[in-house]
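Trainee: Test case, fold it:
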Amino acid sequence: MSLLTDRLKYEAIIDRPKLKGPNGSKIIVWTTVNVELWNIIRPMPRNALPPPMGNQLLPNVPNWSWHEYGNRVGFWRHLNALQSRNITATLAINGHVCSTYPRIAEAALEAGWEFMGHGYEQQPQHSLDDEDAEIAAAVEEIKSFTGKQPIGWESPGLTETENTLDLLKKNGIEYVCNWPMDDLPTTIETKNGPMLTLPYPLETNDIVIHIIQHQPANVFYQQCKETFDRLYLESEENIKIMAISMHPYLTGTPHRIGHVEKLYDYINQHDGVIHMTGEEIYHWYKSETKTDYSLIRWIVLAHSRTKSS
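Mentor: This is a model prediction of the structure:
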């Protein structure tokens, strides 16, 4: 039986081809803002306030409200912080947000942000009754709202079934963010042709820093700064991509937004920095590498056959 990981070819970072950054840049900074729909009829994806006596009660009003603050208030702080610094972000958006929170979608569209699929509503791929239909619905709602086919996808919680990649490619998705394993894009095979994986972050992700690791507000700035410093140093050898992932209900709060602003001010002090969306990175990488997908598919399939024999 072949494994999902058989779709990938291992590549050591020191063996990757030397790439030229856009406009002579040394490091690409990719910012993703995640806007989600937490349906109050379901258990909440995350909890700030533990349920009383350990009982999972529905509706979960306080934790739904905790997240709702991000859509009502936090998103607008993120938008202002980025727009005022001329940074165009990628919006990782649950497709149903387009019709449920149209004010947010309109603002992101007006700002020129890329719309990246992030599920239809915020629930893992494994829990969907019809994964193909849910992916198609998310893609269609984004396409209908923006007038443009989304080419990027970040599954809720980065979850994937054995079929997710095949279904995404079938629905027009060209890159995914569910495999945080490299500093540069990599190729992954599907039944419907190859896709790219972009270096979506865990260590520079406010979910990991503030919810999983329970770090104080200033650690987001410190951890992202130190990541940037190391990648900037290593970019003398080859271009690097630094991805930053934010959620409005976390880093859009009053005690954290200042650290976000401080981070981008620090990054922008450096020469050779360029801010790009995921879609821009996808097209740059394909152009720079002139990827021969037919050859890559042959290599990956051959690798898969070898491992299964």
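Trainee: can we go C-alpha only for contacts and neighbour counts from here?
Mentor: Fine.
Trainee: From what I see, Met246 and Trp30 are in contact.
Mentor: No - counting by C-alpha atoms under 8 Å, Met246 stays clear of Trp30, with 11.2 Å between them.
Trainee: between these two, who's got more neighbours?
Mentor: Trp30 (25 against 22; other C-alpha atoms under 10 Å).
Trainee: Tally up the residues packed near the residue nearest to Lys143 when sequence neighbours are not counted, please.
Mentor: Distances taken as C-alpha to C-alpha, 6 or more residues apart in numbering place Gln149 nearest to Lys143, at 5.0 Å, with adjacent residues excluded. Gln149: 19 surrounding residues under other C-alpha under 10 Å.
Trainee: distance of Gln149 from Ile135?
Mentor: 13 Å (C-alpha to C-alpha, to the nearest Å).
Trainee: what pLDDT does the nearest residue to Pro216 once chain neighbours are set aside get?
Mentor: Of all residues not flanking Pro216 in the chain, His210 sits nearest, at 6.9 Å (C-alpha to C-alpha, 6+ apart). Looking at His210, its pLDDT reads 97.
Trainee: swap in Ser294?
Mentor: For Ser294, pLDDT reads 41.
Trainee: Could you do the one 4 residues further on as well?
Mentor: What the model reports for Trp298 is a pLDDT of 40.
Trainee: likewise the one 3 residues further on?
Mentor: Per-residue pLDDT puts Leu301 at 44.
Trainee: list the contacts for Asp183?
Mentor: Going by C-alpha atoms under 8 Å, 6 or more residues apart in numbering, Asp183 touches 13, 199, 240-242.
Trainee: Now a PyMOL select for only the buried ones of these.
Mentor: Only the buried members of the contacts of Asp183 enter the following PyMOL selection, criterion being 16 or more other C-alpha atoms under 10 Å:
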select buried, resi 199+240+241+242
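Trainee: quick one: which of the contacts of Asp183 sit in strands?
Mentor: Among the contacts of Asp183, the members falling in strands (DSSP state E) are 240-242.
Trainee: Same list (these) but as JSON lines, adding pLDDT and distance to Phe145.
Mentor: Below are the ones in strands among the contacts of Asp183 laid out as JSON lines (pLDDT from 0 to 100; distance: C-alpha to C-alpha, whole Å):
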{"residue": "Lys240", "pLDDT": "97", "distance to Phe145": "33"}
{"residue": "Ile241", "pLDDT": "98", "distance to Phe145": "29"}
{"residue": "Met242", "pLDDT": "98", "distance to Phe145": "29"}
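Trainee: Can you pull out the low-pLDDT segments for the stretch 1-150 of the chain?
Mentor: Scanning the stretch 1-150 of the chain for pLDDT under 70 picks out 1.
Trainee: re earlier: any chance of the ones in strands among the contacts of Asp183 in a markdown table, plus distance to Leu8?
Mentor: Shown next, in a markdown table, are the ones in strands among the contacts of Asp183 (distance: C-alpha to C-alpha, whole Å):
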| residue | distance to Leu8 |
| --- | --- |
| Lys240 | 20 |
| Ile241 | 20 |
| Met242 | 22 |
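Trainee: and of the residues you listed, the nearest to Leu233?
Mentor: Minimum distance to Leu233 across the ones in strands among the contacts of Asp183 is 9.6 Å, recorded for Lys240 (C-alpha to C-alpha).
Trainee: ok, what's across the strand from that closest one?
Mentor: Ile27 (DSSP bridges).
Trainee: I'd like to know how far it sits from Leu184.
Mentor: Taking C-alpha to C-alpha, one finds Lys240 at 7 Å from Leu184.
Trainee: how many other residues sit next to the closest residue to Thr161 other than its chain neighbours?
Mentor: Nearest residue to Thr161 in three dimensions, chain neighbours excluded: His126, at 6.1 Å (C-alpha to C-alpha, 6+ apart). Using other C-alpha under 10 Å, His126 has 13 other residues around it.
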